[in-house]
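K.L.:
need coordinates for the following:
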Amino acid sequence: MPDTIELAPGLAPAHLDAIPLIDIGPLLAGDMAPAKAIGRACREIGFFYIENHGIPQDLIDRVYAQAKRFFALAPEEKEKYAIEQSACHRGWFRMGGENLDPEKQKTAGDLKEGFKIGRDLPPDHERVRAGLPLHGPDIWPDLPGWREVMQDYYDRLVELGKTMLGAFAVSLDLPRDYFSPWLGITMTTLGPLHYPPQTGRITEAQLGAGKHTDYGCLTLLHQDSSGGLQVQGLDGRWIDAPPIPGTFVVNIGDMMERWTNGVFRSTPHRVINISGHERYSLPFFFDPDFHAPVECLPTCLKPGETPKYQPTTAGQHLLDMINASFKYHLEKQ
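P.N.:
This is a model prediction of the structure:
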């Protein structure tokens with residue numbers, strides 16, 4: 001840790017536990033054997049690493065290069081692509097634009113900036129014409145190669161997400177294709193992030209990403225070599241989730257916890273960039289069709305129990321979560 005950094009009590013990880021590392025190569029070949037380990041991780045901690053995932057490292061490197069090009073632009077250039085201009089929550093959000101822990105970060109949002117890339121639907125698409133929230137065209141920066149690289153990566157992550165949903169289904173004693181009816185027009189979002197280094201005394205009043213759980217179904221995260229991701233263990237203490245070359249970090253979001261009636265865990269996590277240099281990461285949020293019914297799965301309710309959560313839809317759930325973290329979005333409603 002650089003000498004200029006002082007962490008407030010509770011911000012340093014108290015212990016190191018092994019977050020499981022799971023080889024999903026067999027899944028890509030149609031062998032569902034890894035589903036058992038995946039289901040165990042989803043139940044016990046809600047986080048795990050995956051290796052042999054099929055996403056080429058050279059593509060990942062190009063995505064980082066394009067993200068760094070954008071974040072290096074002057075603020076007035078980035079403002080041309082500001083998320084406030086989008087009708088469907090796409091584009092650039094500035095430092096502090098997202099606040100994942102508003103109870104602690106009362107006067108400042110997260111110390112990061114990011115860019116939202118979603119399913120790029122043209123204005124004449126039936127869902128866009130109907131005004132369905134979170135559906136519409138992307139905002140594409142005027143940077144050679146940006147759109148092509150990001151779209152290639154996005155498309156590959158959509159397919160990887162579908163593979164993971166198949167494993168989730170099997171681990172829940174459901175047919176492998178159980179979720180398939182709601183994976184036609186997925187609400188998937190690629191969100192490159194840039195965290196500046198933090199110095200001085202660091203408190204929960206502003207972190208790179210405040211303590212939070214993810215909104216949706218599942219997250220596929222690629223992180224650079226900076227470190228900084230921490231996961232809250234079942235005992236309340238914090239665990240480092242360091243970068244492991246060749247892997248993605250996968251975690252469960254609130255929607256999947258709700259869908260499984262709490263069988264799968266949506267685990268709190270946070271980011272503190274004490275690396276002394278810029279940190280970049282590539283979270284990919286995989287969520288089903290807007291109209292997908294999010295209600296207790298048939299294998300997640302024991303005899304005599306009642307569901308812990310009221311039924312909702314995937315779209316309404318995401319809208320509720322986005323409004324809680326993005327002030328601009330709530331004000332537009």
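K.L.:
chain center to the longest helix anywhere in the chain: distance?
P.N.:
Criterion DSSP state H: the longest helix present in the chain is helix 146-171. Going by Cα atoms, centre = their mean, to the nearest Å, the spacing between the C-alpha centre of helix 146-171 and its chain's C-alpha centre is 12 Å.
K.L.:
show me what it is packed against.
P.N.:
helix 25-28, helix 35-44, helix 57-71, strand 189-190, strand 218-223, strand 279-286 (3 or more Cβ pairs under 8 Å, 6 or more residues apart in numbering; DSSP states H and E). Where you see a C-beta, it was placed from the backbone N, CA and C, and this is true even at glycine.
K.L.:
those: which one's closest to residue 236?
P.N.:
Judged by Cβ to Cβ, the one of those that comes nearest to residue 236 is helix 35-44, at 15.2 Å.
K.L.:
what's the angle between that closest one and strand 218-223?
P.N.:
Interaxial angle of helix 35-44 relative to strand 218-223 (axes from the mean of the first three to the mean of the last three Cα atoms, to 10 degrees): 90 degrees.
K.L.:
how about helix 35-44 as PDB, C-alpha atoms only?
P.N.:
Taking C-alpha atoms only, helix 35-44 is exported to PDB below (Å, rounded to 0.1, in the frame of the first residue of the first chain):
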ATOM      1  CA  ALA A  35     -22.900 -27.100 -12.500                       C
ATOM      2  CA  LYS A  36     -22.600 -28.800  -9.100                       C
ATOM      3  CA  ALA A  37     -19.600 -26.600  -8.100                       C
ATOM      4  CA  ILE A  38     -21.300 -23.500  -9.500                       C
ATOM      5  CA  GLY A  39     -24.400 -24.200  -7.500                       C
ATOM      6  CA  ARG A  40     -22.400 -24.700  -4.300                       C
ATOM      7  CA  ALA A  41     -20.600 -21.400  -4.800                       C
ATOM      8  CA  CYS A  42     -23.900 -19.600  -5.500                       C
ATOM      9  CA  ARG A  43     -25.400 -20.900  -2.300                       C
ATOM     10  CA  GLU A  44     -22.400 -20.500   0.000                       C
END
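K.L.:
before we move on, what SS does residue 201 have?
P.N.:
Secondary structure, DSSP: H, G, I helix; E, B strand; the rest coil: residue 201 is strand.
K.L.:
that one touches residue 8, doesn't it?
P.N.:
Yes. Look at residue 201 against residue 8 with Cβ atoms under 8 Å: they come within range, at 6.7 Å.
K.L.:
if we can go back for a sec, show me which residues of the longest helix of the chain are buried.
P.N.:
146-147, 149-150, 153-154, 156-158, 160-171 (16 or more other Cβ atoms under 10 Å).
K.L.:
what do you get for stretch 240-257?
P.N.:
For stretch 240-257, by 16+ other Cβ under 10 Å, it's 241-243, 247-257.
K.L.:
include distance to residue 124 when you put the helices and strands packed on helix 146-171 into TSV, please.
P.N.:
Shown next, in TSV, are the helices and strands packed on helix 146-171 (distance: least, Cβ to Cβ, whole Å):
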stretch	distance to residue 124
helix 25-28	35
helix 35-44	39
helix 57-71	28
strand 189-190	22
strand 218-223	30
strand 279-286	26
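K.L.:
turn the ones you listed into TSV, columns for mean pLDDT and distance to residue 269.
P.N.:
Formatted as TSV, those follow (pLDDT from 0 to 100; distance: least, Cβ to Cβ, whole Å):
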stretch	mean pLDDT	distance to residue 269
helix 25-28	98	24
helix 35-44	97	14
helix 57-71	98	21
strand 189-190	98	18
strand 218-223	98	10
strand 279-286	98	11
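K.L.:
rewinding a little: for the record, mean pLDDT for the longest helix of the chain?
P.N.:
Averaging pLDDT along helix 146-171 yields 98.
K.L.:
next, the angle from it to strand 218-223.
P.N.:
130 degrees.
K.L.:
so which of the buried residues of stretch 240-257 comes closest to residue 301?
P.N.:
For those, the minimum distance to residue 301 (Cβ to Cβ) is 14.2 Å, reached by residue 257.
K.L.:
and the closest one, what does it touch?
P.N.:
Counting by Cβ atoms under 8 Å, 6 or more residues apart in numbering, residue 257 touches 46, 213, 264-266.
K.L.:
buried subset of those as a ChimeraX selection?
P.N.:
To isolate the buried subset of the contacts of residue 257 in ChimeraX, counting by 16+ other Cβ under 10 Å, use the following:
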select :46,213,264,265,266
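K.L.:
just the ones of the contacts of residue 257 in strands?
P.N.:
In strands, judged by DSSP state E, none of the contacts of residue 257 are found.
K.L.:
show me which of the contacts of residue 257 is closest to residue 110.
P.N.:
Relative to residue 110, the closest of these is residue 213; by Cβ to Cβ it sits at 14.4 Å.
K.L.:
before we move on, back to that, now the contacts of residue 257 in TSV, with distance to residue 296 and pLDDT?
P.N.:
Shown next, in TSV, are these (distance: Cβ to Cβ, whole Å; pLDDT from 0 to 100):
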residue	distance to residue 296	pLDDT
46	18	96
213	19	95
264	12	98
265	16	96
266	15	97
